[in-house]
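Trainee: the following comprises the amino acid sequence and a computationally predicted model.
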Amino acid sequence: MTESKVTVIEVGQAVIDADTVYTEPVHFVVEGGIIREIGVGSYVPKPGQRVERWLRKGDRVAIPGLVNTHGHAAMTLLRGAGDDMPLMSWLHDRIFPIEARLTEECIYWGTLLATWEMLTSGTTTYTDMYMMMDRAAQAVAESGMRGVLSVGVVGLDDTGRENGIRRSRDFVANWHQACEGRIQVTLGPHAPYTCPEDYLHDIAELASELGVGLQIHLSETRVEVDDCLANSGLTPIALAERAGLFQIPTLAAHCVHVTDDDIEIMRVHGVHVAHNPQSNLKLGSGVAPLPRMLERGLTVGLGTDGAASNNNLDMFEEMRLAATLHKGIHEDAQCVNAATAFRMATEMGATACFQPHGAGVLRVGSPCDMVLLDGKSPRMLPQHNLLSDVVYAVGADDVRDVIVAGELVVQNGEPLAIDTERVAYEVNRLRSLLQA
Ligand SMILES: N[C@@H](CCSC[C@H]1O[C@@H](n2cnc3c(=O)[nH]cnc32)[C@H](O)[C@@H]1O)C(=O)O
Ligand SMILES: [Zn+2]
């Protein structure tokens, strides 16, 4: 009989999913990056079983890794470069001119900075849509993080369109399912106001040929919707449907200014949504009708967007905002409860960004993507309700250890595969280049 080599993780408490909490010591047996067994108390190895690694973390609380369903990682280099501006002038007057100066090394170091910030604040899976994405993928591969990555494309001229199709095709070939499936690739048409309808159709055809999904910004601002209606007589959602986009598994970021008809279109086609409450507030875009989208059965995850429109990548903040903002807007304290916000930041977010069934929870058969919180944090006391503490009290500062695909990637707050001093040096060097 071949010997099985397993990792055992023993913790003081665990939130398995939004409905299941262990408030006494529990162990997880992990093999091949997958949770094979969960049990109360310490683990007793089976005959013929060798425990290769034993993480004894009795003062930790395990939760599923958080899932950031929308962002542009290397925009960490643009953090603080453009504040207090609405989306369109922010993009055209501040962001695009700086992005024109970005180099391959900017994308590599900016993405590595983002993985450092995300991993140490409890995010184990994120999505990306940016440029020079081979260097971003290299950083994600090195960091140990799980990524759903796309080449952002715009189609405002023929050269850009052909170039975008070629870069997208190459990126899928080079990186889809890389690092034993830790990296997945989708297509990334930027938005309906930068990708004409026929180009969106070409992108949908390419996605169908390559067998991948896509991510796109939709109905983020009132201006976007009004312009789209004026130009095509359709909302951005209806235009995306007419372009054939929703024949492809689609993750639509923002969906702030959507009508009931738009939500019905998204429901019928199974369009997933990335809700980015902090970015929508900071850019003055508005507040998405999250309760209505959830009521109608849409799959909605949470995202930070880029660090230039947030300005951090903290999913605990995004989760708490999702659980409180809509209560205030609707004057209804039962709106988007703790379990719903937690589910959006984990299980539903994983589904939204095309992760396999079982991702985003700590059940048997799930990928072992796990965050270990400091069980001795004052924010965990007196613990009337552990899930409530995780959503309404705990923060990124309480993250101690992080495991992705069964591998320890953060220990006592330090990322194990990222040279943080070198990242800080390079990012500061590049900031002066971008400021020039
Ligand atoms: N401009 C890239 C293609 C798009 S990458 C993704 C783009 O989305 C931009 N972006 C970041 N946040 C948002 C947002 O909230 N709405 C729309 N675009 C955004 C970001 O600055 C970047 O230009 C190129 O020419 O290769
Ligand atoms: Zn975005």
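Mentor: Good, I have the coordinates. Numbering: from 1, shown residues only. Ligands and ions are numbered 1, 2, ... in the order given.

Trainee: so which bits of the protein are right by ligand 1?
Mentor: Residues of the chain lying close to ligand 1 (CB under 6 Å from any ligand atom) are 72, 87, 91, 95, 99, 129-131, 152-154, 190-191, 217, 220, 279, 305-306, 309. For the C-beta atoms, the positions are set from N, CA and C on the backbone; glycine is no exception.

Trainee: now do the contacts for the nearest residue to residue 347 once chain neighbours are set aside.
Mentor: Spatial nearest neighbour of residue 347, excluding adjacent residues (CB to CB, 6 or more residues apart in numbering): residue 360 at 3.9 Å. By CB atoms under 8 Å, 6 or more residues apart in numbering, the residues touching residue 360 are 64, 65, 67, 125, 346, 347, 348, 349, 350, 351, 366, 369.

Trainee: 6 Å - rerun?
Mentor: The neighbours of residue 360, taking CB atoms under 6 Å, 6 or more residues apart in numbering as the test, are 64, 67, 346, 347, 350.

Trainee: residues in contact with the last one?
Mentor: So the one you mean is residue 350. By CB under 6 Å, 6+ apart, residue 350 lies in contact with 67, 359, 360.

Trainee: tell me the pLDDT of it.
Mentor: With respect to pLDDT, residue 350 has a value of 99.

Trainee: name the element it belongs to?
Mentor: Using DSSP states H and E, residue 350 maps to helix 347-352.

Trainee: give me the number of residues near the residue in the stretch 151-300 of the chain that ligand 1 sits nearest to?
Mentor: Closest approach of the stretch 151-300 of the chain to ligand 1 (CB to the nearest ligand atom) occurs at residue 152, with a separation of 2.4 Å. Residue 152: 23 surrounding residues under other CB atoms under 10 Å.

Trainee: for it, give me phi and psi.
Mentor: Per-residue torsions, residue 152: phi -70, psi 130 (degrees, to the nearest 10).

Trainee: so which helix or strand takes in the nearest residue to residue 149 once chain neighbours are set aside?
Mentor: Excluding the flanking residues, the one nearest residue 149 by CB to CB, 6+ apart is residue 128, at 4.7 Å. Secondary structure from DSSP H and E places residue 128 in strand 123-130.

Trainee: same question, residue 433
Mentor: Taking DSSP H and E as the definition, residue 433 sits inside helix 420-435.

Trainee: any idea what residue 37 is bridged to?
Mentor: Counting by DSSP bridges, residue 37 forms beta bridges with residue 29.

Trainee: so it versus ligand 1, what's the distance?
Mentor: 42 Å (CB to the nearest ligand atom, to the nearest Å).

Trainee: then residue 319?
Mentor: From residue 319 to ligand 1 the distance is 19 Å (CB to the nearest ligand atom).

Trainee: can you count the residues close to that residue?
Mentor: Residue 319 has 26 neighbouring residues, counting by other CB under 10 Å.

Trainee: contacting residues for the closest residue to it other than its chain neighbours?
Mentor: Spatial nearest neighbour of residue 319, chain neighbours left out: residue 345 (4.3 Å); criterion: CB to CB, 6+ apart. Listed by CB under 6 Å, 6+ apart, the contact partners of residue 345 are 66, 302, 315, 319.

Trainee: and with 10 Å instead?
Mentor: 18, 63-69, 122-123, 301-303, 315-316, 318-320, 322-323, 360, 390-391 (CB atoms under 10 Å, 6 or more residues apart in numbering).

Trainee: in this structure residue 65 contacts residue 373, no?
Mentor: No: in this structure residue 65 lies outside contact range of residue 373 using CB atoms under 10 Å: 11.7 Å.

Trainee: find residues that contact each of those two.
Mentor: With contacts taken as CB under 10 Å, 6+ apart, residue 65 and residue 373 have residue 122 as neighbours in common.

Trainee: what strands line up against the host helix or strand of residue 401, and which way round?
Mentor: Assignment of secondary structure by DSSP H and E places residue 401 within strand 399-404. Sheet pairing for strand 399-404, assigned by DSSP bridges, gives strand 370-374 (antiparallel), strand 407-411 (antiparallel).

Trainee: between that strand and strand 123-130, how many degrees?
Mentor: Going by axes from the mean of the first three to the mean of the last three CA atoms, to 10 degrees, strand 399-404 is angled at 70 degrees with respect to strand 123-130.

Trainee: ok, now which ones touch the residue of the stretch 151-300 of the chain closest to ligand 1?
Mentor: By CB under 10 Å, 6+ apart, the contact list for residue 152 reads 72, 99, 128-131, 133, 164, 167-168, 187-191, 194, 215-217.

Trainee: what does residue 224 give?
Mentor: Taking CB under 10 Å, 6+ apart as the criterion, residue 224 is in contact with 87-88, 191-193, 217-218, 235-236, 254, 256-257, 285.

Trainee: now do it, the pLDDT please.
Mentor: On the pLDDT scale, residue 224 is placed at 98.

Trainee: tell me the helix or strand right after the one helix or strand it maps to.
Mentor: Assigning secondary structure by DSSP H and E places residue 224 in helix 222-232. Sequence-wise, the next helix or strand downstream of helix 222-232 (DSSP H and E) is helix 236-242.
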